[in-house]
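A.B. asks: Pasting a predicted model and its sequence here:
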Amino acid sequence: MAASVKISTVSFHSSQLCSGFRQPLMPTKIGYPKSVVLVSQKKKQNEKQSRFPSPLKVIALDAAQPFDYESKISNEIEKYSKLKIGIVGFGNFGQFLAKTIVRQGHTVLAHSRSDHSKVARKMGVSFYLDQDDFCEEHPEVILLCTSIISTESVLRSFPFQRLKRNTLFADVLSVKEFPRNLFLQVLPSEFDILCTHPMFGPESGKAGWSGLPLVYDKIKIGEGLRAERCERFLNIFAKEGCRMVEMSCAEHDRHAAETQFITHTVGRMLAKLNLESTPINTKGYESLLRIVENTCGDSFDLYYGLFMYNVNSTEQLERLEMAFDALKKQLVGRLHKILRTQLFDGVARGEVSEQNSTLADLKNSSPSDTAIPLRTK
Ligand code: NAP
């Protein structure tokens, strides 16, 4: 005779238990989840009429089963792929990155010079004003988001001895050779080092990071689990659709001076003109207004860092100046040619006085008048 099993309010025969499942249903200490509705009673009347017992059916299942090995394994994989990341420098960019990292399910803690605990709490980030307390939480990854110009002083007073020896040290500074050399000099030799630069910010990346470049250079990464951890960290950006660009720090700085530093310099120069929107904006002018908005939203410390801590920036600043001078010469040179032709033609016809005064005006105009013309409203 088949044994009868009674679980919660549902009772059925053990022969039926096996009929609908590949594995036998075994009652555990906690019993079966209530959400599993086993339909057997309803079928009893029908069984009397039928020669075969109707199969056991699960008609609702909304909780993981104790015997559901697949879900257990996927939970383990999910847990393993998550990192404990400690952000140092929880300012504009640190907070911007933290939002996405938290959304992806990683544990984020932060330390900064100023108290950002309120904003951190809202974002689901644990904030530590004390750097010893922060380090003793033993984040697997330290993500340095301090200003370029404060990085050296921050690092030189950081209690690295409180971190685990296998910590991965990463940064997001907008210059790369400077932090690379500093890390190799200052960090404990057991640490892994990854230099990165997300080539976007809170303004340009506000609608998402898809297609935006993430430059990285694996300076010193161990093997096995250490290498995997580095990949998991980089995967935060890859998952958002970033264009992953592996490049040496030196090459990054050459390109960044030619692109990012020029963009920031032009943006800040235009900002000095107090450009305003008009009823007849062209597309080109709209782009200029956007450059001002994109670059002047960043701190001046950041811009100064791009100049001071990238050896290629001085050359780019000089090239900009030379380009402006060359352009002015080209314009004024053409004007001189026209005036000279008129002058000599005029001499021939006896009409010199008016052209002479125009030439004198041109000679007397100071360079600053020409560089930043006054706005006429
Ligand atoms: P930032 O002005 O370059 O840096 C602000 C951060 O530096 C804040 O966390 C601030 O701490 C900290 N800081 C400044 N002076 C300090 C000092 N003397 N001691 C200790 N900490 C100091 O602005 P940011 O935009 O947030 O940039 C942070 C980093 O991300 C920079 O290295 C930048 O190059 C890089 N980055 C920025 C962008 C961007 O679009 N903004 C994009 C890519 C990379 P407190 O807030 O606690 O005062």
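C.D. replies: All right, it came through fine.

A.B. asks: near the ligand, anything from the helix of greatest length in the chain?
C.D. replies: Using DSSP state H to assign secondary structure, the helix with the most residues in the chain is helix 313-349. No - judged by C-beta under 6 Å from any ligand atom, helix 313-349 and the ligand are separated, with a smallest distance of 13.1 Å. All C-beta atoms are positioned from the backbone trio N, CA, C, and that covers glycine.

A.B. asks: Summarise which helices and strands that helix is packed against.
C.D. replies: helix 262-271, helix 300-308, helix 353-364 (3 or more C-beta pairs under 8 Å, 6 or more residues apart in numbering; DSSP states H and E).

A.B. asks: Please work out how many residues are found near whichever residue of the chain sits closest to the ligand.
C.D. replies: Closest to the ligand within the chain is residue 201: 2.0 Å, counting by C-beta to the nearest ligand atom. When neighbours are counted by other C-beta atoms under 10 Å, residue 201 registers 18.

A.B. asks: pLDDT score for it?
C.D. replies: Model confidence at residue 201, given as pLDDT, is 95.

A.B. asks: Correct me if wrong: it contacts residue 296.
C.D. replies: No - here residue 201 does not reach residue 296: they are 11.8 Å apart, not a contact under C-beta atoms under 8 Å.

A.B. asks: Against residue 174, how distant is residue 200?
C.D. replies: Residue 200 sits 11 Å away from residue 174, going by C-beta to C-beta, to the nearest Å.

A.B. asks: Among these two, which residue is more densely surrounded?
C.D. replies: Neighbour count, other C-beta under 10 Å: between residue 200 and residue 174, residue 174 has more, with 25 against 18.

A.B. asks: Could you tell me which residues make contact with the more buried one?
C.D. replies: If you count contacts by C-beta atoms under 8 Å, 6 or more residues apart in numbering, residue 174 has them with 148, 197, 256, 260, 302, 305-306.

A.B. asks: change it to 10 Å
C.D. replies: Residues in contact with residue 174 (C-beta atoms under 10 Å, 6 or more residues apart in numbering) are 93, 147-148, 197-199, 201, 252-253, 256, 260-261, 264, 298, 302-303, 305-306, 309-310.

A.B. asks: Residue 239 now?
C.D. replies: So residue 239 contacts 100, 104, 209 (C-beta under 10 Å, 6+ apart).

A.B. asks: Please identify the residues of this structure in proximity to the ligand?
C.D. replies: Residues of the chain lying near the ligand (C-beta under 6 Å from any ligand atom): 89-94, 112-114, 145-148, 150, 154, 172-174, 198, 201, 298-299, 301-302, 305.

A.B. asks: how deep is residue 93 tucked in, by neighbour count?
C.D. replies: That count, for residue 93 with other C-beta under 10 Å as the rule, works out to 22.

A.B. asks: Wait, a helix at it?
C.D. replies: Yes - checked against DSSP: H, G, I helix; E, B strand; the rest coil, residue 93 lies within a helix.

A.B. asks: what's the burial count for the nearest residue to it once chain neighbours are set aside?
C.D. replies: Among residues not flanking residue 93 along the chain, residue 145 sits closest, at 5.4 Å (C-beta to C-beta, 6 or more residues apart in numbering). Neighbour count for residue 145, taken as other C-beta under 10 Å: 23.

A.B. asks: residues touching residue 145, list them.
C.D. replies: Residue 145 neighbours (C-beta under 10 Å, 6+ apart): 87-98, 110, 112, 151, 170-173.

A.B. asks: Using ChimeraX, define a selection of the buried residues within those.
C.D. replies: Paste this into ChimeraX to select the buried members of the contacts of residue 145, with burial taken from 16 or more other C-beta atoms under 10 Å:
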select :87,88,89,90,91,93,94,95,96,97,98,110,112,151,170,171,172,173
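
A.B. asks: Tell me if residue 294 really is in a helix.
C.D. replies: Yes - membership of residue 294 in a helix is supported by three-state DSSP.

A.B. asks: Next up, the contacts around it.
C.D. replies: Residue 294 sits in contact with 200-204, 263-264, 267, where contact means C-beta under 10 Å, 6+ apart.

A.B. asks: now the residues you listed: which count as buried?
C.D. replies: Of the contacts of residue 294, these count as buried by 16+ other C-beta under 10 Å: 200-201, 264, 267.

A.B. asks: do you know how far residue 226 is from residue 164?
C.D. replies: From residue 226 to residue 164 the distance is 12 Å (C-beta to C-beta).

A.B. asks: rewinding a little: in helices only, show me the contacts of residue 239.
C.D. replies: Using DSSP H, the contacts of residue 239 in helices are residue 100.

A.B. asks: most surrounded residue in the contacts of residue 239?
C.D. replies: Neighbour max across the contacts of residue 239 (other C-beta under 10 Å) = residue 209, 21 neighbours.

A.B. asks: pLDDT wise, what is that residue at?
C.D. replies: 98.

A.B. asks: Begin at 53, not 1, for the rest of this chat.
C.D. replies: Got it, the first residue is 53 from now on, which makes the last one we talked about residue 261.

A.B. asks: What sits closest to it if chain neighbours are left out?
C.D. replies: residue 292 (4.0 Å).

A.B. asks: ok, that neighbour - how many residues close by?
C.D. replies: 18.

A.B. asks: my read: it touches residue 259, true?
C.D. replies: No - judged on C-beta atoms under 10 Å, residue 292 makes no contact with residue 259 at a distance of 11.6 Å.

A.B. asks: quick one: residue 141 and residue 206 touch, right?
C.D. replies: Yes - with contact defined as C-beta under 10 Å, residue 141 and residue 206 form a contacting pair (7.3 Å).

A.B. asks: Can you show me the strands along the stretch 153-302 of the chain?
C.D. replies: Here the stretch 153-302 of the chain has its strands, by DSSP state E, counting those that start in this stretch, at 159-163, 178-180, 193-196, 220-223, 244-250, 265-272, 295-298.
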